[in-house]
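Novice: give me coordinates for this.
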Amino acid sequence: MIMAFGKNATRVLLVLMVMCARSTAKRPAAKEGAAPAPAPEAGASEASGARGIFDITNVGATSDGKTDCSKELQEAWKSACGAAGQATVLIPKGEFLAGPLNFSGPCKGDVTIHIDGTLLGTNDLPKYNGGSWINILKVNNLVITGSGTIDGQGANVYTKDPAEAKAFPNSLVLDFVKNGTVSGITLLNSKFFHINIYMSDDVKIENLTITAPGDSPNTDGIHIGDSTNINVTDTTIGTGDDCISIGGGSSHIIVTGVTCGPGQGISVGCLGRYKDEKDVSDVTVKDCVLRSSTNGVRVKTYENAVKSITASKLTFENIKMEDVANPIIIDQNYCPEKVCTAKSKSAVTVKDVIFRNITGTSSTPAAVSLLCSDKQPCSGVELIDVNVEYSGENNKTIGVCNNAKGTAKDTLQALACLA
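Specialist: Residues are numbered from 1 along each chain as shown. The predicted structure follows:
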């Protein structure tokens, strides 16, 4: 009796703590135009503990890390999405195994997914059927928060044939999300991208930790595509691919206070690879630190580009490099599979790119590499207060500028190679 009472008291205390957090946390402002989701069907069991808290353990989720809890997670989402006002899907402490999850809206009210435990992505790959793991679709005013972890358990796929990689699942996908926040949680060992943001607007990514081995393939920390008004702040990312990649169709993207490494740096691109790509503009990356990454801040366009698009108004400023290879790079000859033809014609325009107050050390002699196309030269490039020096011995710091037009000011003389 005493032990049972202790457990009940702990559960009540946890619910009260979540309620207090919800009442004090800043929620994105509601936006108009979303139709409400249908209420749960009559007779359906709900995961509601009380006052809009939908605890997955109340409908049978088992925290042993072995029992598939997909059904219980879906049921909790359905109840929360169909509830009026503010609702919370609560994932308490413990380990919960799950296959693919589809959290679709529009929802009747505002939903928070509060993660204090660990979600484990199943390694039964056929279950994903080529899709992603946690899919959030057409949800407005969304919050994902907590102190817990989304663990993709990707170690089992990192050694597989790279040709299979495109069929591996992203961990967390935000599709057509408006006015959302993801904060506080850890994302670990995704099988593919850790976070993929697509066709979304007004999304804030804050205070995350994203981690995967430095040699894990295609494990981008955050990929942004066809989205606007995305802010990534105060986040630590170390993976085997880009810490952050910004794809076609994206605009008004701000990245601040990010620590990157290991990984392949913070990139705009790769651009021009797909026929339906759109322009990229108004991207700012500032106040970041890159440590031992294989690239620093980078713009990359596909050598065999199939679409004429433009990347413009890109600003990289107040960046500290710590033993980074290729700290500043524009690469218009990007072709990772080495299948591009030598006679390819660049179809991507890169212009109005500012590198300002970039300091620190490079692990390669070429601290600046502006490798632009002779048929589509880069223009409006500015190097301002760029002082990055090679940290090795017996080689001098150099800058390489091919077909790049612009100006250099207050920049290390060896790097001021612009025409």
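Novice: when you work out contacts or count neighbours from here on, use the C-alpha atoms and nothing else.
Specialist: Fine.
Novice: so residue 225 touches residue 198, yeah?
Specialist: Yes. Taking Cα atoms under 8 Å as the definition, residue 225 is a contact partner of residue 198 at 5.1 Å.
Novice: and residue 80, backbone torsions?
Specialist: Main-chain torsions, residue 80, degrees, to the nearest 10: phi -70, psi -40.
Novice: whoops, residue 379 was the one
Specialist: phi -140, psi 160.
Novice: how many residues are close by it?
Specialist: The number of residues packed around residue 379, counting by other Cα atoms under 10 Å, is 20.
Novice: quick check: it touching residue 401?
Specialist: No. Between residue 379 and residue 401 there is no contact, the gap being 11.8 Å when judged by Cα under 8 Å.
Novice: now do stretch 307-315: distance to the chain's middle.
Specialist: The gap between the average C-alpha position of stretch 307-315 and the chain average comes to 20 Å, counting by Cα atoms, centre = their mean, to the nearest Å.
Novice: now do that stretch, average pLDDT.
Specialist: When the per-residue pLDDT values of stretch 307-315 are averaged, the result is 95.
Novice: give the buried residues for it.
Specialist: The neighbour-count check on stretch 307-315 (16 or more other Cα atoms under 10 Å) flags 307, 309-315 as buried.
Novice: just those residues: which are in strands?
Specialist: Among those, the residues falling in strands (DSSP state E) are 309-315.
Novice: sorry, back to before: let's have the buried residues of stretch 307-315 in JSON lines, adding distance to residue 62.
Specialist: Putting those into JSON lines (distance: Cα to Cα, whole Å) gives the following:
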{"residue": "307", "distance to residue 62": "49"}
{"residue": "309", "distance to residue 62": "49"}
{"residue": "310", "distance to residue 62": "50"}
{"residue": "311", "distance to residue 62": "48"}
{"residue": "312", "distance to residue 62": "50"}
{"residue": "313", "distance to residue 62": "50"}
{"residue": "314", "distance to residue 62": "47"}
{"residue": "315", "distance to residue 62": "48"}
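Novice: name the helices or strands packed onto whatever helix or strand residue 204 lives in?
Specialist: Assigning secondary structure by DSSP states H and E places residue 204 in strand 201-206. When contacts are defined as 3 or more Cα pairs under 8 Å, 6 or more residues apart in numbering; DSSP states H and E, strand 201-206 packs onto strand 178-183, strand 228-233.
Novice: pipe those strands into CSV and attach distance to residue 242, mean pLDDT and mean neighbour count per row.
Specialist: Conversion of these to CSV gives the following (distance: least, Cα to Cα, whole Å; pLDDT from 0 to 100; neighbours: other Cα atoms under 10 Å):
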stretch, distance to residue 242, mean pLDDT, mean neighbour count
strand 178-183, 19, 98, 22
strand 228-233, 14, 98, 21
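Novice: including distance to residue 148, could those go into JSON lines?
Specialist: Conversion of the helices and strands packed on strand 201-206 to JSON lines gives the following (distance: least, Cα to Cα, whole Å):
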{"stretch": "strand 178-183", "distance to residue 148": "11"}
{"stretch": "strand 228-233", "distance to residue 148": "19"}
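Novice: between those, which gets nearest to residue 118?
Specialist: Among the helices and strands packed on strand 201-206, strand 178-183 comes nearest to residue 118, with 15.1 Å by Cα to Cα.
Novice: and that closest one, what does it pack against?
Specialist: Using 3+ Cα pairs under 8 Å, 6+ apart as the contact test, the elements touching strand 178-183 are strand 140-145, strand 201-206.
Novice: just name the most buried of those.
Specialist: For the helices and strands packed on strand 178-183, ranked by mean neighbour count under the definition mean count of other Cα atoms under 10 Å, the leader is strand 140-145 at a mean of 23.
Novice: that strand pairs with which strands?
Specialist: Listed by DSSP bridges, the sheet partners of strand 140-145 and their directions read strand 110-115 (parallel), strand 178-183 (parallel).
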